[in-house]
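J.: Dropping the sequence and predicted coords here.
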Amino acid sequence: MIKKILLILFVAFYAIAGIFHFIIPETYLKLIPEWLGDALTINLIAGGFEIIVAVLAIFPKTRKLGGYLAILMLLAFTISHIYFIQLGHCAGELCVQPWIGWVRLIVIHPMLIYWAYSISKLKVP
């Protein structure tokens, strides 16, 4: 039962996060370093990948691929987490305490990677 709940939460988390990239792109644009290229395009691709991950995780036959894509995506997102810390923990009007940026990078991000790995191994329907 707990595995199914974790799967449902995973799907909801990535679907909502992906949709937000399209609804409120300005939240993400300031977190994308200029040297990566066009921030809007990168943001839309990231949102699309999050939605794809969510959809792939729904189905047992594609869940493993979804989990592994999530891991690759999260590794790519590490750039934005480091960039956020380099910006002094502010991206535009979004400012947080410095420790929050570090906790996101060192604790939360690895937990999300582990969650994606765990999801890739689930056999629940």
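T.: Great, that's in hand. Numbering: from 1, shown residues only.
J.: quick one: Pro98 and Ala91, what's the gap?
T.: 13 Å (Cβ to Cβ, to the nearest Å). Every C-beta, even on glycine, is put in place using the N, C-alpha and C of the backbone.
J.: Of these two, which one has the most company?
T.: Ala91 (19 against 11; other Cβ atoms under 10 Å).
J.: Pretty sure Pro33 is one of the things that one touches, is it not?
T.: No: using Cβ atoms under 8 Å, Ala91 is not in contact with Pro33; the gap is 10.7 Å.
J.: Could you list the single helix or strand in this protein with the lowest mean pLDDT?
T.: When each helix and strand of the chain is scored by mean pLDDT, DSSP states H and E, strand 90-91 comes last, with a mean of 76.
J.: what's it in contact with?
T.: For strand 90-91, contacts defined as Cβ atoms under 8 Å, 6 or more residues apart in numbering pick out Lys30, Leu31, Phe84, Val96.
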